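1. here are the coordinates; sequence isn't available:
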């Protein structure tokens, strides 16, 4: 069987995408979710500065940069989500957000992410 598309680099050496569960906080408790939802963001989770260091590490994989996906729980429960998404784009990582279908999934929040 041959591949339809051939990757431009060895996927054993570096990732195509990175998915980060930014928080376990979520107003939902879906059975299929592996984030073990809790009502509030854990204060012991990565700080903003620690998260930026994680983004810097992801960026260090080089070109083409991996897609960096912010997910959760509900990533909108992180008060610094917009800052982190902006930082990822600023350093050259293509950011993506995989939100939960909660009341925080608003047109305004989506505009800010864009």
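-> Thanks, I have the structure now. The model shown is predicted, which means the values in this text are computed figures rather than measured ones.
2. Shouldn't residue 56 be within a helix?
-> Yes: under DSSP: H, G, I helix; E, B strand; the rest coil, residue 56 falls within a helix.
3. dump the residue contacts of it.
-> Contacts for residue 56 (CB atoms under 8 Å, 6 or more residues apart in numbering) come out as residue 91. The way it works is simple: take the backbone N, C-alpha and C, and place the C-beta from them, glycine included.
4. Quick check, central residue of this structure?
-> The residue lying closest to the centre of the chain (CA atoms, centre = their mean) is residue 70, at 1.3 Å.
5. Bridged to it, which residues?
-> residue 20, residue 97 (DSSP bridges).
6. I'd say it and residue 94 touch.
-> No: using CB atoms under 8 Å as the test, residue 70 is too far from residue 94 to be in contact (11.7 Å).
7. Could you name every residue contacting both of the two?
-> The contact sets of residue 70 and residue 94 do not overlap (CB under 8 Å, 6+ apart).
8. Once you drop chain neighbours, what's closest to residue 85?
-> In space, residue 85 comes closest to residue 95 once its chain neighbours are excluded; the distance is 4.8 Å by CB to CB, 6 or more residues apart in numbering.
9. Quick one, grab the pLDDT at that neighbour.
-> For residue 95, the pLDDT comes out at 97.
10. distance of residue 65 from residue 71?
-> 18 Å (CB to CB, to the nearest Å).
11. where does residue 38 fall, phi/psi-wise?
-> Main-chain torsions, residue 38, degrees, to the nearest 10: phi -140, psi 160.
12. distance of it from residue 23?
-> Note on residue 38: its distance to residue 23, by CB to CB, is 9 Å.
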